[in-house]
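1. output the structure for:
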Amino acid sequence: QLQLVESGGGLVQPGGSLRLSCAGSGFTLDVYAIAWFRQAPGKEREAVSCVGITGSYKQYADSVKGRFTISRDNDNMVSLQMNSLKPEDTAIYYCAADKWGRCTGPGITTPLTPWGQGTQVTVSS
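-> The predicted model follows:
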């Protein structure tokens, strides 16, 4: 079964940093555009950042520009480095692979796999 596995979340104080990781199970990520999404309690899921297949295309939501960095670490790992975290960054973070290999802005439109369990990020003092 194809699935994505997110890790790296946790509790951090405002201004702190976390690094999230996304890995494929049953497939590798190197031929897909990969995006990070997040969903806060009571809110809709929103796109955070997307990286293209080669790694040269990167897009970010306005709310995270200058603070978050998406990167391809190897053929089967995409990371999201989150710095200067704010309480409003608190959410469950999910990664997704685009079936057609394309980013659409900071997200994707055609997920290859079902949504996973995500990883919880809590920013609080």
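2. any idea which residue sits dead centre in the protein?
-> Ranked by distance to the mean C-alpha position of the chain (CA atoms, centre = their mean), the top residue is Trp36 at 2.2 Å.
3. figure out the helix or strand that that one lives in.
-> strand 34-39 (DSSP states H and E).
4. mind listing the strands the very next helix or strand once past that strand pairs with, and their directions?
-> Per DSSP H and E, the first helix or strand lying C-terminal to strand 34-39 is strand 46-51. Strand 46-51 pairs in its sheet with strand 34-39 (antiparallel), strand 58-60 (antiparallel), by DSSP bridges.
5. returning to that earlier point: beta-bridge partners for the residue nearest to the centre of the chain, please?
-> Assigned bridge partners for Trp36, using DSSP bridges, are Ser49, Cys95.
6. and for Ser7?
-> Ser21.
7. what's the local residue count around it?
-> Using other CB atoms under 10 Å, the number of residues around Ser7 comes to 13. Bear in mind the C-beta positions are built from the backbone N, C-alpha and C, glycine included.
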